[in-house]
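Peer 1: Whatever this is, show me its structure:
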Amino acid sequence: MRLGLTRRLSGLLLLVALGGVAATPVLAEQAQLSGEEQARYLAELKRLYLTKNERTALLAHSNALLDTYALTAAYQVGKTQRSDLRYQLSVAGPGELVVREESRAQQGMALAVRNQKLSVFGLDPYIHYDCPPSGIVCTLQNPADGSPWISVLRDHQGAADLAKAISFLIRNLQKS
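Peer 2: Model prediction:
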């Protein structure tokens, strides 16, 4: 139910951002919006998350998408070593994005937590992602070195929405 609601919300945001025009999947490379479209997108996020702060709205939206498209054990049918993989974004300081990764194995319920800081200054803010036709994962690439960074459930639209939100968040952090 949460996945469906987030998809509808993301679709609504995209329609509003594009002025009601029929939406097509937006790739990370094409996530560059004109000034007016960008302002509408950010205004809609601020309205949705009841804040006047763009960064707060972008963080909340990115974390909501990460929660919705989390790669949980329930989606890993037939895999012997299933685990939950969840992410959360936060800001550590000026220009520093922190990615918290939690991995919980189904067997033994062991929890592994890894925090990764990313200095956003000097980076290309546009997040690229890959959703291979085989498998159940989409991988967002680290903007610093292009390595695999965040793994989410294989959903092209979800990965595109997440890449767009994180791209805007990085651009916002680069202003500070």
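Peer 1: drop to CA atoms for contacts and neighbour counts, all remaining ones
Peer 2: OK.
Peer 1: Sketch out the low-pLDDT regions of the protein for me.
Peer 2: Counting by pLDDT under 70, the chain has low-confidence residues at 1-34, 73-82, 106-109.
Peer 1: So which residues of it form strands?
Peer 2: Ranges of strands in the chain, per DSSP state E, are 83-93, 96-105, 111-119, 129-130, 137-141, 148-153.
Peer 1: Dump the ones you listed to a markdown table, plus distance to residue 72 and mean neighbour count.
Peer 2: Output for those, formatted as a markdown table (distance: least, C-alpha to C-alpha, whole Å; neighbours: other C-alpha atoms under 10 Å):
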| stretch | distance to residue 72 | mean neighbour count |
| --- | --- | --- |
| strand 83-93 | 4 | 18 |
| strand 96-105 | 9 | 18 |
| strand 111-119 | 13 | 14 |
| strand 129-130 | 19 | 20 |
| strand 137-141 | 11 | 22 |
| strand 148-153 | 8 | 20 |
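Peer 1: Is it possible to get a markdown table of the ones you listed that adds distance to residue 160?
Peer 2: A markdown table is the format used below for the strands of the chain (distance: least, C-alpha to C-alpha, whole Å):
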| stretch | distance to residue 160 |
| --- | --- |
| strand 83-93 | 16 |
| strand 96-105 | 18 |
| strand 111-119 | 20 |
| strand 129-130 | 8 |
| strand 137-141 | 9 |
| strand 148-153 | 11 |
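Peer 1: Indicate which one of these is closest to residue 41.
Peer 2: Nearest to residue 41, of all these, is strand 83-93, at 19.7 Å by C-alpha to C-alpha.
Peer 1: if we can go back for a sec, indicate which one of the strands of the chain is closest to residue 60.
Peer 2: Proximity to residue 60 (C-alpha to C-alpha) singles out strand 83-93 among these, at 8.8 Å.
Peer 1: ok, residues contacting the closest one?
Peer 2: Here strand 83-93 makes contact (C-alpha atoms under 8 Å, 6 or more residues apart in numbering) with 59, 62-63, 66-67, 70-73, 97-106, 117, 150-151.
Peer 1: how about the strands of the chain, which one is nearest residue 173?
Peer 2: The minimum distance between residue 173 and those falls on strand 96-105, with 7.4 Å, by C-alpha to C-alpha.
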